[in-house]
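# What shape does this take:
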Amino acid sequence: MHLSCTIYRGSIFFVLTFASENIIKPLFSKGPSPGTRTAILALVSLMISLMYLFTDWLDPIKGHAQDIVAPLYWISNFPNQLDEWADNRLTSRERLIQENESLQTENIVLKRKLQLNASLAAENVRLRQLLNSADTLEDRVLIAEIIGRSPDPLMHQVIVNRGSEHGVYEGQALVDAKGLMGQVVVVGQRSSKVLLITDSTHALPVQINRNGEQLIAEGLGGRTYELALPYVANTLDIVVGDLLVSSGLGQRFPVGYPVAEVVEVLKDPSRRFAKVVTKPMADISRSRHALLIFDSPPLGALYE
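Below is the predicted model:
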């Protein structure tokens, strides 16, 4: 009787132990290993990257994402705006007087240059008429405010407060008061992303204004104050002070807009190509307002 009882109790203990193991085991079962999860995530990332590069399936998402990201750029740029606001409020009276006198002098000089430019424009129109060329129309422009800049120093991109509802389109040129700044690469409904000419992925066909020699100006990424001119032959007629303007090749940028000024030319007979250093004409890192140039009148756009 004692043995039966022991066996009975042992059976109960075994049954309870077996049931506990069956309950606890699923709770601690292992899932996919970290290596397997990493491989799956890498495969998904690769598929999305290939879709972004070789298809247009993600284009609608890019536009909506641009509208979502625009406020983040504005927030990241808020300290600079606050600093600029404080600097403007704390400017001394003497400094304001000096700036006013300087602006009056500059205004007189610019009016004189405007008179000369008007004379040259009139002469150019007469020459085109003599050559039976079509009359040129003034560029239609849209004033835009730069509301954000990329926090990555190697990515030269800005956000402007104009989008598809204002007639903005991909590839549209952006200029400031001094020269060409870049082109629109992503268009949202109310904001757009602009790739600046100093970005390392940007290349721009230019020509020397003095003699018409055509070159390619490339951005250097880490430096907003310099553009590279690769493959400049030692025999090319280029000197310090030459103005580089957009040539219009590729039909992406309008012709004749100032791009950069040559600040250094180093020609070494032992090397095949010369080293040419240029400085962008536009205030790439300081401009607050700019103009979007239209190739043709946008439908329903508010342009000037």
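# Quick one: low-confidence residue ranges for the stretch 1-150 of the chain.
By pLDDT under 70, the weakly predicted segments of the stretch 1-150 of the chain are 1-31, 90-93, 112, 115-116, 118-119, 122-123, 125-139.
# And the strands in it, which stretches?
140-149 (DSSP state E, counting those that start in this stretch).
# where exactly do the helices run in it?
2-27, 34-54, 59-76, 78-89, 93-130 (DSSP state H, counting those that start in this stretch).
# list the contacts for the most centrally placed residue in the chain?
The residue lying closest to the centre of the chain (C-alpha atoms, centre = their mean) is Leu195, at 2.0 Å. When contacts are counted by C-beta atoms under 8 Å, 6 or more residues apart in numbering, Leu195 touches His156, Gln157, Gly182, Gln183, Val184, Val185, Thr201, His202. In this view, the C-beta of every residue, glycine as well, is placed from N, C-alpha and C.
# Between these, which sits nearest Pro79?
Gln157 (18.4 Å; C-beta to C-beta).
# what's the distance between the closest residue in space to that closest one that isn't next to it in sequence and Leu43?
Excluding its sequence neighbours, the residue lying closest to Gln157 (C-beta to C-beta, 6 or more residues apart in numbering) is Ser150, at 4.3 Å. Separation of Ser150 from Leu43 (C-beta to C-beta, to the nearest Å): 29 Å.
# the more surrounded of these two?
Ser150 (18 against 10; other C-beta atoms under 10 Å).
# Look up how far Pro71 lies from the more buried one.
15 Å.
# With Ile48 instead?
24 Å.
# Going along the chain, name the strands of the stretch 151-300 of the chain.
157-160, 173-175, 180-187, 192-196, 203-208, 214-219, 227-228, 232-233, 243-246, 258-266, 273-280, 289-294.
# Comparing the ones you listed by mean pLDDT, which bottoms out?
Lowest mean pLDDT within these: strand 289-294, a mean of 87.
# quick one: strands adjacent to it?
strand 140-149 (antiparallel), strand 173-175 (antiparallel) (DSSP bridges).
# who touches the shortest one?
If you take C-beta under 8 Å, 6+ apart as the criterion, strand 173-175 is touched by 144, 160, 180-184, 194, 252-254, 257, 282, 290-293.
# Type out the ChimeraX command that picks the buried ones from the residues you listed.
Buried subset of those, written as a ChimeraX selection, criterion 16 or more other C-beta atoms under 10 Å:
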select :144,160,180,181,182,183,184,194,253,257,282,290,291,292,293
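# For the closest residue to Gly188 other than its chain neighbours, give me its contacts.
Leaving aside its sequence neighbours, Gly188 sits nearest to Gln66 (C-beta to C-beta, 6+ apart; 3.6 Å). Shown in contact with Gln66 (C-beta under 8 Å, 6+ apart): Gly163, Val186, Val187, Gly188, Ser191, Ser192, Lys193.
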